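Engineer: With the sequence up front, the predicted model follows.
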Amino acid sequence: MKTLVYLCIALFTITTIAQSKYEAGMEKAFNLWGENKTGEASNVFERIATVEKDNWLPVYYAAQVNVVKSFGEKDPAVLKSQLDKALDFLNQAKAIAEKENPYIKVLEGQYYTAWIAFDGMKYGMKYSGKVSTLYSEALALAPDNPIVIYSKAEWDAGSATYFGKPLDPYCKDVQRALDLSENFEQEGAFFPKFQINSAQEFLDSNCKE
């Protein structure tokens, strides 16, 4: 009996230490990202992923870092390098996730949007339909998730702006995302967070009465 008790205590201790290392690593990566040290942040997320082989979040964020910093990039070689890394991490996240994941679909939509933002003439027709499909699929999976709702509305509004159409139809979606965010609970530690400030800025800039 004592042996069983000691074994349980040992397993609990090992699990606690591993969890604390994971949390410390993730927090370090987010802090580096906040300091705009995107390369270092991506490397930390990638290192965590080598240990957390069944956890899609580290590779998800490794992908997201590379997607986000690709917006506004002017050098085609740098852009391709960053987005190739992002796609590799995205594919890893998809392989780890047990089922279709709305967060991964949204990030994949943003990956293709980065290409469109770089060269709309070249990539707009090629990827726009795919992006719209990804957001629609994400919304079908998580119809009350404010992150998904806002991300889709932001994409739809960007498309409307490109074609010179008004943004009013998307104001209600952004407002709904904000309303839902008040009681929205993350599914787990380090899950993506809803960007309240970004949504509020959209309303303030585009939805004034």
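Structural biologist: Happy to help now that I have it.

Engineer: quick one: the residue nearest to the spatial centre of the chain from residue 165, how far?
Structural biologist: Against the mean C-alpha coordinate of the chain, by CA atoms, centre = their mean, the closest residue is residue 107 at 4.7 Å. Going from residue 107 to residue 165 by CB to CB, to the nearest Å gives 26 Å. C-beta: built from backbone N, CA, C; applies to glycine.

Engineer: Contacts for whatever helix or strand residue 46 lives in next, please.
Structural biologist: Per DSSP states H and E: residue 46 is located in helix 38-51. Identification of contacts with helix 38-51 by CB atoms under 8 Å, 6 or more residues apart in numbering yields 21-22, 25-26, 28-30, 32-33, 55, 58-59, 61-62, 65-66, 68-69, 85, 89, 92.

Engineer: and what of stretch 134-143?
Structural biologist: For stretch 134-143, contacts defined as CB under 8 Å, 6+ apart pick out 100-103, 105-106, 108-109, 112, 148-149, 151-152, 155-156.

Engineer: 10 Å - rerun?
Structural biologist: Stretch 134-143 is contacted from outside by 99-113, 127, 145, 147-149, 151-156, 173, 180, 187, using CB atoms under 10 Å, 6 or more residues apart in numbering.

Engineer: Could I have the CA atoms of it written out in CSV?
Structural biologist: Output in CSV follows, covering the C-alpha atoms of stretch 134-143 (Å, rounded to 0.1, in the frame of the first residue of the first chain):
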residue,chain,number,x,y,z
LEU,A,134,-12.3,28.6,-43.8
TYR,A,135,-14.1,31.3,-41.9
SER,A,136,-17.5,29.8,-42.7
GLU,A,137,-16.3,26.4,-41.5
ALA,A,138,-14.9,27.9,-38.3
LEU,A,139,-18.2,29.7,-37.6
ALA,A,140,-20.1,26.5,-38.2
LEU,A,141,-17.9,24.7,-35.6
ALA,A,142,-18.1,27.6,-33.1
PRO,A,143,-21.1,29.8,-33.8
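
Engineer: residues of it that come out buried?
Structural biologist: 134-135, 137-139, 142 (16 or more other CB atoms under 10 Å).

Engineer: any idea how far it is from the chain center?
Structural biologist: 14 Å (CA atoms, centre = their mean, to the nearest Å).

Engineer: that older thread, avg pLDDT for the helix holding residue 46?
Structural biologist: Mean pLDDT, helix 38-51: 92.

Engineer: Off-centre distance for it?
Structural biologist: Distance of helix 38-51 from the chain centroid (CA atoms, centre = their mean) equals 15 Å.
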